[in-house]
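Novice: I would like the atomic coordinates for the input below:
(chains A and B)
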Amino acid sequence: MIRITRIIVRYLMLSWRMQTQFTVDFFLSILQFMFYTSLTLIFWSTVLQFSQTFDGWSFGELIVLNGISILATGISLSFFGFTQLDKRLARGEIDRLLCRPIPLLVGLLGESMPVVSAVQQMLTGLIIIGIGFTSTPYQPDIEHIVFASITLIGGVLAVNLGRGCVALLAFRLGRTGAIVNFLFRFDEFQKYPLTAFSSPVRLIFTWLLPLILISTYPAMLLTGKLLPKGWEIITVLVIILWLVLFWFIQNQMLHSYESTGN
Amino acid sequence: MSHNFLALLHIQWTDFRSYATGWLSEFLVLPIRLFIVVTVFGLVFRTSPVSLGYTIQEIGIYYFVLLFVGRFIDDAMTVAYQVWDDIQGGDLSLYLARPIYYPLYLFLQKLSSALIKVICTSILFVPIAVVVDWCPHNSVVLLLFLPALLIAFCVTFLIQLNIGLLSFWLEKTLTLRDLAWNLNAVLSGWLIPLALFPSWLVTLSNWLPFQFVYYIPASVYLGKLLASEILPVYSLGIMWVVFGSASAVILYHYGVLHYDAPGGN
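Specialist: Prediction:
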């Protein structure tokens, strides 16, 4: 365990050095990212000029939701390696990882993790959540914060394991990067309260691509909104479902992989 | 000149056919944003006590036109990266050794690719527009839409080219490009129609070139611009194109003098 932790820390330090080598660009990127996140503030403040709330969500609550969405994107960057799995497989780099005495997933995800971007997004997310709470009268208690955090982390895990399942199919199908990128395009939905959409849409984003767990549910918990009945069971079931599916697909794919590194 | 352009068109067509599957798959994700904004605005329309100046159908058409324009200017959006890569990677030397004026070559390359894309995109978009009745009922509007589309392409290309040319002096200009993309997202009307913004932001966007990228073409298509407004608006757009071109010519002229290709002894 200590050895794996040391390897992960080494990967993180390498990634940090790579991303900070251009100093001016690094500081510009912080400014750029702050501006990027302000797009959401501009969008909602413009839309809510015409209506006090959006489907029962006030401006502050929508900002909290967007902050959580950015925080989730930052955490999701830990799984960035899935997007490149097919290309690395084609180049034979997976063989290199399989030959090493470290778990494949640690090597795959560790080598590709953009640490600076992840930290930037997580910090920005937290700042935006703070800004959101300045405009909402409700202040969450510790219990709600803990539940929201667990749901958020579980949701990020479930969504990314889902993407990982598709990425792992590269062992059989070859190029799956396009499908993974296609799935990323649906992330747009996590910026909006999914309660405002029709029930078929909500169903898709609860079970198939559980984006509802990584923004809407945690935001509802933090802002004191009433969640749908049985949300705790749904959350646990979705996470277990994707964990089992991922474990099964990973084993199947690795067993069927025929190469020098296997 | 026209012979060279046709040759470029042929190359771009061959290139486009090689990646046609990827281009087609992009269409699958296009309705996502349209679906979201129509749902969001639909809810706002139902609850808003004040008029937004747009009907829900107009909002749908607005974002539909944005998707179409987006397909047309797609290649121009990548110019900053290409120029940065050519300058920092040393590939610019290949162009300098040939009787080619690099910025013009890039423009014609991207324009030919955009022309191919706009034709192919129209084949998919026009039937949808006809079925959902999102076509303009006046053919003059379509004629006026074409120059707006061309200005949108030129403005995008020149913003990107000018940023890319700064790579002669700066090591990395990609974050600057991202900043321009985000400014573009707000001030071009991509995020939300500019008319819905607070008045100070509308005034600011009126003085900048970004509005010509999405907002003006979409407004022309929707018939939101009066006949008397179109000529002054287009003149301002052309003025920005002239200014951007002049700036690119100057940057390129001095940049090449500053250029130091790596490699050799």
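Novice: Just the helices from the chain, written as ranges.
Specialist: Looking at chain A here, since you left the chain open. A:2-19, A:23-47, A:59-76, A:85-90, A:93-98, A:104-111, A:115-134, A:142-168, A:170-173, A:177-184, A:199-203, A:216-222, A:231-256 (DSSP state H).
Novice: Correction: the question concerned chain B.
Specialist: B:2-18, B:20-47, B:56-73, B:79-89, B:92-96, B:102-131, B:139-165, B:174-187, B:199-206, B:215-222, B:227-258.
Novice: In the fourth one, which residues are buried?
Specialist: Read that as helix B:79-89. Neighbour-count burial for helix B:79-89 flags B:79-88 (criterion: 16 or more other C-beta atoms under 10 Å in any protein chain shown). In short, each C-beta sits where N, CA and C put it, glycine included.
Novice: Ok, which of the helices of chain A comes nearest chain B?
Specialist: helix A:23-47 (4.1 Å; C-beta to the nearest C-beta).
Novice: Just the buried positions in that closest one, please.
Specialist: Of the residues in helix A:23-47, A:25, A:28-29, A:32-33, A:36-37, A:39-44, A:46-47 count as buried by neighbour count, 16+ other C-beta under 10 Å.
Novice: That helix close to chain B?
Specialist: Yes. Using C-beta under 8 Å from any C-beta of the partner chain, we find that helix A:23-47 touches chain B at A:24-25, A:28-29, A:31-32, A:35-36, A:39, A:42-43, A:46-47.
Novice: Nearest the middle, which residue of the chain would you pick?
Specialist: Going with chain A. Centroid check for chain A by C-alpha atoms, centre = their mean gives residue A:76 as the closest residue, at 3.0 Å.
Novice: actually chain B
Specialist: Centre-most residue of chain B, counting by C-alpha atoms, centre = their mean: residue B:73, 3.5 Å.
Novice: Flag every residue of the stretch 151-265 of chain B that's near chain A.
Specialist: By C-beta under 8 Å from any C-beta, the residues of the stretch 151-265 of chain B that approach chain A are B:170-172, B:174-176, B:178-179, B:182-183, B:185-186, B:191-192, B:196-198.
Novice: List buried residues within the residues you listed.
Specialist: Buried subset of these (neighbour count, 16+ other C-beta under 10 Å): B:170, B:172, B:174-176, B:178-179, B:182, B:185-186, B:191-192, B:196-197.
Novice: Columns pLDDT on top of those, output as a markdown table?
Specialist: Shown next, in a markdown table, are these (pLDDT from 0 to 100):
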| residue | pLDDT |
| --- | --- |
| B:170 | 85 |
| B:172 | 81 |
| B:174 | 85 |
| B:175 | 84 |
| B:176 | 87 |
| B:178 | 87 |
| B:179 | 87 |
| B:182 | 87 |
| B:185 | 89 |
| B:186 | 89 |
| B:191 | 88 |
| B:192 | 89 |
| B:196 | 89 |
| B:197 | 88 |
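Novice: Which residue does the stretch 151-262 of chain A have closest to chain B?
Specialist: Closest point on the stretch 151-262 of chain A to chain B, by C-beta to the nearest C-beta, is residue A:185, at 4.1 Å.
Novice: And for that residue, the neighbour number?
Specialist: When counting by other C-beta atoms under 10 Å in any protein chain shown, one arrives at 14 neighbours for residue A:185.
Novice: and what of the one 3 residues further on?
Specialist: Counted with other C-beta under 10 Å, residues neighbouring residue A:188 total 16.
Novice: so what's the closest residue in space to residue A:41 that isn't next to it in sequence up against?
Specialist: Nearest non-adjacent residue to residue A:41, counting by C-beta to C-beta, 6 or more residues apart in numbering or on different chains: residue A:63, 6.6 Å away. Counting by C-beta atoms under 8 Å, 6 or more residues apart in numbering or on different chains, residue A:63 makes contact with A:40-41, A:44, A:128-129, A:131-132, A:135.
Novice: what bits of chain A have low per-residue confidence?
Specialist: A:19, A:259-262 (pLDDT under 70).
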